[in-house]
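Asker: Could you look at this predicted model? Sequence included:
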Amino acid sequence: MKSSSSLTTLEDLLVQNMPINPLTNSWSPLLRVFLTFALLPSLLSAQAAAENKDYTELDRIVAVVNDDVITASELRQRIDTITQQMRQQRAPLPPLPVLRKQVLERIIINRIQLQLAAANGIRVDDETLNQTIRRIAEQNNMTLGQFRGVIEEDGFSFARFRETMREEIIITRLRQRQVDSRISVSDQEVDNFLANQKIQGNANDEYRLGHILIALPEGASPGQIKAARKKAQQILDELRQGTDFVQEAMAVSDGQQALSGGDLGWRRAGELPTIFADVVRDMKTGDISDLIRSPSGFHIIKLMDHRNTDRRIVTQTRARHILIRTNDLTSDEQARALILELRERAAGGEDFAELARTYSDDKASAVDGGDLGWVEKGKMVPEFEQAMLTLQPGQLSEAVKTQFGWHLIEVVERRETDVTEEFTKNKVREQIYQRKVEEANINWLRKLRDESYVELRL
């Protein structure tokens, strides 16, 4: 059976590529436990300790985040989960102190976001959660029961998995509201980017980068900047002397991808952070950059790989249709019968366009004789598309039912066409948007972290 390490991840279903963090939504019971032991130390008297020297510490606080706490058991559970996942993926593990620090920081960031989401009334009900998990199972060709079995076979609690999913959906909704919805990309930005790419001749280039960040707090002092620069330069020197980049990123980077060895994945130039884009174009595979300064700190990038994508040729179909909707006045049977009658009339020589203008309930296309223009695969609802793609030019379909009603479809013509320019524009718009979102998210998270009260007790 398929391992959970190869399952479709939650970033596949949601516009952002993020890691799963097992947090808890309720801290009050734990906090009451700690307060009890703080206020009533007599519960563990010296006599009881003498009678039973072997005892296990129940739990302890490792961090305070605003009015919430993170416990040692939470941290230990998350470390165990990540360790197991990395072993399954045969990824090298950083030293335990480094892993502990990275994981705790990740929990802190997520906890801050969950607190803000709660304050803004962002919640995910059980039905939404169940639908999301069901879709993940379906995309991995499993029933919900099979999916649960895979999760538990790999040693993970399904109940914990559900709560992790709930928290990730909440955080995604928060980011969409606080950051993503405020980002826009103008036509001028797209045109400028394409013009620059055309000059440089690498419009279809993609890069895979490794990344190390030595972070600075907001409003860093000159002393903090000097210390961070010195640390970053020492790391850069070690890398150029042969130190493994992945291991170094896992050990020292403050970036979000530190536990993945700093791997940013494949990105087109437009998707790269602005401060990296100009630098990477002059690098060769395997090259390591000089220090790159940004408001968030000092960056080191390595060009892991580079590739060029091909032109995009697609099959397009020009079709027209007649739609009869079902409603209080027209039953499903009546709508189907009318479509079959219209099919006979069209097959008998009546003008399809005139029939569409007279009978079709799709008023947008009816004025054009039912003409839908040129469409490519993936643009129409599945039932309509499946019927349309089986027809040859000039052929009429049988009655086709979709969520909109009953259709009669005629394929007018079909062609192979180069949509590289249109595809590239859409892709560039998405790349610029994703780059802006990523940069805005980094700044937003850094601001949230700096404005929050965090006390570490590791």
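Answerer: Perfect, I can see it now.

Asker: All the strands of the stretch 201-350 of the chain, residue numbers only.
Answerer: 205-215, 263-268, 292-294, 297-308, 313-324 (DSSP state E, counting those that start in this stretch).

Asker: tell me the most buried of these?
Answerer: Most buried of these, by mean neighbour count (mean count of other CB atoms under 10 Å): strand 205-215, with a mean of 22. For the C-beta atoms, the positions are set from N, CA and C on the backbone; glycine is no exception.

Asker: Please name the strands paired to that strand in the sheet, noting orientation.
Answerer: Next to strand 205-215 in the sheet, as set by DSSP bridges, lie strand 263-268 (antiparallel), strand 297-308 (antiparallel).

Asker: and it, how far out from the chain's middle?
Answerer: 18 Å (CA atoms, centre = their mean, to the nearest Å).

Asker: Then stretch 211-219?
Answerer: 23 Å.

Asker: Okay, now that stretch: how far is its last residue from its first?
Answerer: End-to-end distance for stretch 211-219, by CA to CA, to the nearest Å: 23 Å.

Asker: What's the biggest helix in this protein, counting residues?
Answerer: helix 420-451 (DSSP state H).

Asker: quick one: buried residues of that one?
Answerer: The neighbour-count check on helix 420-451 (16 or more other CB atoms under 10 Å) flags 420, 424-425, 427-429, 431-442, 444-446, 449 as buried.

Asker: swap in stretch 137-145?
Answerer: Across stretch 137-145, burial judged by 16+ other CB under 10 Å covers A137, M142.

Asker: now stretch 157-168
Answerer: Neighbour-count burial for stretch 157-168 [16+ other CB under 10 Å]: F161, R162, T164, M165, R166, E167, E168.

Asker: Give me the mean pLDDT for that stretch.
Answerer: If you average the pLDDT over stretch 157-168, you get 92.

Asker: Please report the distance of R111 from A227.
Answerer: Distance from R111 to A227, counting by CB to CB, to the nearest Å: 27 Å.

Asker: typo on my end, it should be H299
Answerer: Taking CB to CB as the measure, H299 and A227 are separated by 16 Å.

Asker: low-scoring stretches of the protein, by residue?
Answerer: Along the chain, segments meeting pLDDT under 70 span 1-58, 197-204, 309-311.

Asker: can you tell me which strand in it is longest?
Answerer: The strand spanning the most residues in the chain, taking DSSP state E as the definition, is strand 405-418.

Asker: and that strand, what other elements does it pack with?
Answerer: Helices and strands touching strand 405-418, by 3 or more CB pairs under 8 Å, 6 or more residues apart in numbering; DSSP states H and E, are strand 313-324, helix 332-347, strand 371-376, helix 382-390, strand 400-402.

Asker: cutoff 6 Å now
Answerer: Counting contacts by 3 or more CB pairs under 6 Å, 6 or more residues apart in numbering; DSSP states H and E, strand 405-418 is packed against strand 313-324, helix 332-347.

Asker: List the contacts of the shortest one.
Answerer: Right, strand 313-324. The contact list for strand 313-324 (CB atoms under 6 Å, 6 or more residues apart in numbering) reads 335, 338-339, 342, 356, 359-362, 370-372, 374-376, 388, 405-419.

Asker: related to what we said a few turns ago, send me the longest strand of the chain as CSV with only the CA atoms.
Answerer: As requested, the backbone C-alpha atoms of strand 405-418 are provided in CSV (Å, rounded to 0.1, in the frame of the first residue of the first chain):
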residue,chain,number,x,y,z
GLY,A,405,-29.3,20.9,-17.7
TRP,A,406,-29.5,18.9,-21.1
HIS,A,407,-27.3,19.9,-24.0
LEU,A,408,-27.1,19.2,-27.7
ILE,A,409,-23.5,19.7,-28.9
GLU,A,410,-22.1,20.1,-32.5
VAL,A,411,-18.4,20.2,-33.2
VAL,A,412,-17.7,22.8,-35.9
GLU,A,413,-13.9,22.4,-36.3
ARG,A,414,-10.8,21.3,-34.5
ARG,A,415,-7.2,22.6,-34.7
GLU,A,416,-3.7,22.3,-33.2
THR,A,417,-2.5,25.7,-32.1
ASP,A,418,0.5,27.3,-30.4
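
Asker: circling back to that earlier point, which secondary structure elements does the longest helix of the chain sit against?
Answerer: On a contact count with 3+ CB pairs under 6 Å, 6+ apart, helix 420-451 meets helix 187-200.

Asker: and R111 and A227? which has more neighbours close in?
Answerer: Neighbours of R111 and A227, each counted by other CB atoms under 10 Å, are more numerous for R111; the result is 24 against 14.

Asker: List the residues that contact the more buried one.
Answerer: V65, D68.

Asker: gap between it and L458?
Answerer: The gap separating R111 from L458 is 15 Å, by CB to CB.

Asker: tell me the domain ranges of this structure?
Answerer: 4-178, 182-311+422-456, 313-418 (automatic domain parsing).

Asker: Name the residues of stretch 72-82 that come out as buried.
Answerer: For stretch 72-82, by 16+ other CB under 10 Å, it's A72, E74, L75, Q77, R78, I79, T81, I82.

Asker: which SS class is the fifth one?
Answerer: Translated: R78. At R78 the chain is in helix, as set by DSSP: H, G, I helix; E, B strand; the rest coil.

Asker: Please look at it and V103 and confirm they touch.
Answerer: Yes. Judged on CB atoms under 6 Å, R78 makes contact with V103 at a distance of 5.2 Å.

Asker: follow-up on the earlier one: for E153, state which of the buried residues of stretch 157-168 is nearest.
Answerer: F161 (12.4 Å; CB to CB).

Asker: Contact partners for that closest one?
Answerer: I151.

Asker: so how far is H306 from it?
Answerer: 37 Å.

Asker: re the thing from before, export the buried residues of stretch 72-82 to TSV and append columns for distance to P97.
Answerer: Formatted as TSV, these follow (distance: CB to CB, whole Å):
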residue	distance to P97
A72	15
E74	18
L75	12
Q77	18
R78	15
I79	11
T81	18
I82	14
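
Asker: OK, contacts around G369?
Answerer: A353, A356.

Asker: go again using 7 Å as the cut-off
Answerer: The contact partners of G369, taken as CB atoms under 7 Å, 6 or more residues apart in numbering, are R320, F352, A353, A356, R357.

Asker: In helices, which of those residues fall?
Answerer: Using DSSP H, the contacts of G369 in helices are F352, A353, A356, R357.
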